[in-house]
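Enquirer: Got a sequence here, can you build the structure:
(one chain, ligands or ions: 1)
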Amino acid sequence: MVKQASPGKGKSKETVASRSATEAAAKGKVYPFTADPGRAANMRGNRRSDTKPELALRAALHALGYRYRKDFRLDLPLRRVRPDIAFTSRKVAVFVDGCFWHACPDHGSRPKNNDWYWSPKLAKNVERDRAADEALAQAGWTVVRLWEHVPLTEAVAAVVAAVGGPRR
Ligand SMILES: [Zn+2]
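Expert: The predicted model follows:
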C-alpha cells in the first residue's frame, strides 16, 4: 500500500463565472430579460405541458382512481385541441393554464419592457384558449380551465365536479 503523502491541496478558489440571466438575454437567445426573479421562474416553469401544478393535479387524480389521457390531441370539427388532461368517454377537457402565458388576471400582467415581444404573443395565447373552449363546447365537451395558482385541492374538486366519480 502506498501511502499518499501529498500535502493537502488547499481549496482552489472557485472561479466559475455564473452567467446571469441578463447576459444570456443580452445575447438575444433566450426569453426577454425580466428583472423579477419570481416571474423569471414562472416563465421557465410554464412550458407547454408538464408544469408542476399540472403534474400535481394529474398525480392527485390518478391517486383517486381517475384515468385520463394527457396531452391527447382531439380533432374537433372546428379545430385541433390538446387538453392537458382529457376524460375522453365523459368528454371533459381540463387545462391548467400558466398565469403568465395565459394572462391570469391576478398574476398575468405582462412585462412593461418587452411589450413589443410579449403582448402579441400573449394575446395570441388567450385568443387560442378561447377558440379551443369554443371548439370543445361545440363538440359537446365540458371545459375545465384552472389557473396554475389554484390550490391543488380546489383544482381536484373542480375536476371531480365536472367528471363525476372515478370509473370502477
Ligand atoms: Zn394566477
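Enquirer: And the contacts of the lengthiest helix in the chain?
Expert: What stands out as the longest helix in the chain, according to DSSP state H, is helix 115-138. By Cβ atoms under 8 Å, 6 or more residues apart in numbering, the surrounding residues in contact with helix 115-138 are 32, 74, 76-79, 81, 83, 93, 95, 97, 101-103, 108, 110-111, 142-143, 145. (Each C-beta comes from the backbone N, C-alpha and C, glycine too.)
Enquirer: Flag every buried residue along it.
Expert: Trp118, Leu122, Asn125, Asp129, Ala132, Asp133, Ala135, Leu136 (16 or more other Cβ atoms under 10 Å).
Enquirer: same question, stretch 85-93
Expert: Applying 16+ other Cβ under 10 Å to stretch 85-93 flags Ile85, Ala86, Phe87, Lys91, Val92, Ala93 as buried.
Enquirer: Could you tell me the angle between the helix or strand containing Ala93 and helix 115-138?
Expert: Assigned by DSSP states H and E, Ala93 belongs to strand 92-97. Between strand 92-97 and helix 115-138, the angle comes out at 170 degrees (axes from the mean of the first three to the mean of the last three Cα atoms, to 10 degrees).
Enquirer: what are the C-alpha coordinates of strand 92-97, in PDB please?
Expert: This file holds the C-alpha atoms of strand 92-97, laid out as PDB (Å, rounded to 0.1, in the frame of the first residue of the first chain):
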ATOM      1  CA  VAL A  92     -64.300  16.500 -20.100                       C
ATOM      2  CA  ALA A  93     -61.200  18.600 -21.100                       C
ATOM      3  CA  VAL A  94     -59.000  20.000 -18.400                       C
ATOM      4  CA  PHE A  95     -56.500  22.800 -18.900                       C
ATOM      5  CA  VAL A  96     -54.000  24.000 -16.300                       C
ATOM      6  CA  ASP A  97     -53.200  27.500 -17.500                       C
END
